[in-house]
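>>> sharing a sequence plus its predicted fold:
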Amino acid sequence: MMQIHPRQIAQSILTGFERHFSFFQEISSAARHRFEYADWDAVREASAKRISFYDLRVQEAIERLHANFDISDLDEKLWQQVKQTYAGMLKTHSRPELAETFYNSVFCRLFERKYYDNDKIFIESQVDRDQLSVRYRVYMSFHVAEGGLTGTIWDILSAFYFSLPYEDIKRDCERVAQSLLDQAGFDELPVDLRFDLLESPFYRNKAAYIIGRMVYGDQVRPFILPLINNENGGLYVDTLLIRGRHVEAVFSFARAYFMAKTPVPTATVEFLQSIMPYKTLAELYNSIGFHKQAKNEFYRDLLNHLAESNDLFVTAAGTPGLVMQVFTLPSFPHVFKVIRDRFPPQKEVTHKLVKERYLQVKKHDRIGRMADTLDFMDVALPIERIETKLLQELQETVGSQLEYDGDMLVIRHLYIERRMVPLNLYLQNADETQTREILDDWGLALKQLMGVNIFPGDLLFKNFGVNCQGKVVFYDYDEICYLSEVNFRKIPPPRSSLDLYRDEPWYSINPNDVFPEEFITFVTTDAKTRKLLMDLHPELFDFRYWQMAQRNLAAGIQADVFPYSQKLRFARPETVPGEAIDLANTA
């Protein structure tokens, strides 16, 4: 038998990672071209396609290992040497943390969970992130000089070489400068004011974002300029964002991943953390599209949190789901969702279909209205940290996905989401003003989802959450579908008074038929809430409104949904001709 050298295996895995990263960077870098040409269909396609790159490259790496080496059984000594060799190869690498994660993915698909320890995989990272951030500078700096603030803004906008001109760069510079003075509260401009800007804009949906920070004295503040393609051959600055809550909305967990050139991801993440220190590494890696790295960082955070806390996993608050068993750790801001073994008759779904729908959401434009999920395999939780009542529930509802390994409970597959207040519970404790605002936002959320071809399916309030910014976010995906797949109808008039008393409808109903006039009756039984919904969003209960949204989609009209309030925008969107629905964020 040919002797296998650890370096050969390590090099093969690293080559697989480099192949993955080159594809990732290629599709991310092309975002500029898609933005400049206003190719919004290609934007959506690229975002969905990039999600699948990682798993494809891991599988390719595994196939090459099988083809070139005899690795059917684990040789523990060999793989300890492979890991050590691989770690040595990463000492001068510019993306070592991503390469570590790729290695983990390959190993964990090759071998059983019992071998997952720090001798063979990178449970603990060996990367010196601070050193990497110092070695690689990923931003440009601009000091306010003789040209004053407006002149500095001009230099900033001119430093990003788009093929499109600004429709009026002088106007935009003056707007940005004045907005900065209005928002920052400066009595006078700090003499040491400096602007640091990431070298590559971030792209998402129909906008490009110049991401930066203002530095003066010991202060560091965000500085973000969203750029819009007017689709007539010009760009304009849409607003200036320097406040924490506005930046939080841009980088929300309910939005799809940015496209950006990130040759040294650690340095980019370090920069982002300087303007969003409350964000975890997992959240920041997720925001720039490295969702597998985000999973790795998240799992480390979970392990560290379990080691530093002592509360118990319990059933999550809210109405129990018919498809998912949901639990949480009160001191940890997430929920854990496991697909139930059995579903009631009214839920015409399968395990496979539920997984497909969660993947559909992950690949889709979530526009701030659909929670992102991290899916994990073989998650081991200490049994002593699981409340007895919850453990019994898990055994009864998801028993087929449980395995006991000593003092650990292993869950074969689960989803993890950011914890929110279920909308039905929020409404129970809301005053009149809060109720009106949140119901208005619920209606707006549905309209925005319509604009990106999503129909939630089940509109019950329990399927929506309220995030920390007071925005409604959809999180129950077992009945989600594309808006274009639904047949919206009006209920036919009864043929006689007898029809009103029949147990069965007097009209035929096909599988994809939906009757919007029924929404108001099943989302709530409260008369005041029904009246308020009819006052705020009467069109949602009219089948013609939904049909009009479908016609807009068929005509290629895509909604403009921004991660900030209309009140913050310098320019208002032009009226779209025809019967297009205005689905822009008016919050």
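Perfect, I can see it now.
>>> what are the ranges of the strands in the stretch 251-400 of the chain?
Applying DSSP state E, counting those that start in this stretch to the stretch 251-400 of the chain gives strands spanning 314-315, 324-328, 334-339, 374-382.
>>> got the angle for the longest one vs strand 334-339?
Okay, so that is strand 374-382. 100 degrees (axes from the mean of the first three to the mean of the last three C-alpha atoms, to 10 degrees).
>>> show me what counts as buried in strand 374-382.
374, 376, 379-381 (16 or more other C-beta atoms under 10 Å). Backbone N, C-alpha and C define where each C-beta goes, glycine included.
>>> got a list of contacts for the lowest-mean-pLDDT helix or strand in the chain?
Here the helix or strand of the chain ranked lowest by mean pLDDT, DSSP states H and E is helix 129-135, holding a mean of 86. If you take C-beta atoms under 8 Å, 6 or more residues apart in numbering as the criterion, helix 129-135 is touched by 94, 96-97, 264, 266-267, 270-271.
>>> also stretch 289-306?
Stretch 289-306 is touched from outside by 24, 28, 50-51, 54, 97-98, 100-102, 104-105, 123-125, 257-260, 265, 280-283, 285-286, 329, 331-332, 362, 374, 376, 381-382, 385, 416, with contacts defined as C-beta under 8 Å, 6+ apart.
>>> what of stretch 22-36?
Contact with stretch 22-36 is made by 39-40, 42-43, 46, 49-50, 53-54, 57, 162-164, 201, 203, 206-208, 229, 259-263, 289, as judged by C-beta under 8 Å, 6+ apart.
>>> among those, which ones are in strands?
203, 207-208, 229 (DSSP state E).
>>> show the subsequent helix or strand relative to the least confident helix or strand of the chain.
Scanning forward in sequence from helix 129-135 by DSSP states H and E, the next helix or strand is strand 139-143.
>>> partners of that next one, with directions?
Under the criterion DSSP bridges, strand 139-143 sits next to strand 194-198 (antiparallel) in its sheet.
>>> export the partner strand as PDB, just CAs?
In PDB, the C-alpha atoms belonging to strand 194-198 read as follows (Å, rounded to 0.1, in the frame of the first residue of the first chain):
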ATOM      1  CA  ARG A 194     -10.700  61.400   9.400                       C
ATOM      2  CA  PHE A 195     -12.800  59.200   7.100                       C
ATOM      3  CA  ASP A 196     -11.800  55.600   6.700                       C
ATOM      4  CA  LEU A 197     -13.600  53.800   3.800                       C
ATOM      5  CA  LEU A 198     -13.400  50.100   2.900                       C
END
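>>> rounded mean pLDDT for that strand, please.
Strand 194-198 carries an average pLDDT of 96.
>>> if we can go back for a sec, pick the one among the contacts of helix 129-135 closest to residue 485.
Comparing these against residue 485 with C-beta to C-beta picks out residue 97 as the nearest, at 40.2 Å.
>>> check what pLDDT that closest one gets.
96.
>>> do residue 583 as well
Confidence for residue 583, expressed as pLDDT, is 43.
>>> equivalent analysis for residue 32, please.
On the pLDDT scale, residue 32 gets 96.
>>> flag every buried residue along the helix or strand hosting it.
Assigned by DSSP H and E, residue 32 belongs to helix 31-36. Of the residues in helix 31-36, 31-32, 34-35 count as buried by neighbour count, 16+ other C-beta under 10 Å.
>>> stretch 133-150 too?
Those buried within stretch 133-150 under the rule 16+ other C-beta under 10 Å are 133, 138-139, 142, 144, 149.
>>> reformat the residues you listed as CSV; add distance to residue 185.
Shown next, in CSV, are the buried residues of stretch 133-150 (distance: C-beta to C-beta, whole Å):
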residue, distance to residue 185
133, 30
138, 29
139, 25
142, 21
144, 17
149, 15
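>>> surely residue 209 touches residue 200?
No: assessed by C-beta atoms under 8 Å, residue 209 is found out of contact with residue 200, at 10.2 Å.
>>> quick revisit: can you list the buried residues of strand 374-382 in JSON lines and add distance to residue 519 and pLDDT?
Below are those laid out as JSON lines (distance: C-beta to C-beta, whole Å; pLDDT from 0 to 100):
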{"residue": "374", "distance to residue 519": "31", "pLDDT": "92"}
{"residue": "376", "distance to residue 519": "35", "pLDDT": "93"}
{"residue": "379", "distance to residue 519": "37", "pLDDT": "93"}
{"residue": "380", "distance to residue 519": "42", "pLDDT": "93"}
{"residue": "381", "distance to residue 519": "39", "pLDDT": "96"}
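>>> ok, those vs residue 72, which is closest?
Looking across those and measuring by C-beta to C-beta, the closest to residue 72 is residue 380, at 24.8 Å.
>>> just the buried subset of the contacts of stretch 289-306, please.
With neighbours counted by 16+ other C-beta under 10 Å, these contain buried members at 24, 28, 50-51, 54, 97-98, 100-102, 104-105, 125, 257-260, 265, 280-283, 285-286, 329, 332, 362, 374, 376, 381, 385, 416.
>>> in helices, which of the residues you listed fall?
24, 28, 50-51, 54, 97-98, 100-102, 104-105, 265, 281-283, 285-286, 362 (DSSP state H).
>>> about what we covered before: nearest to residue 89, of the strands of the stretch 251-400 of the chain?
strand 374-382 (26.9 Å).
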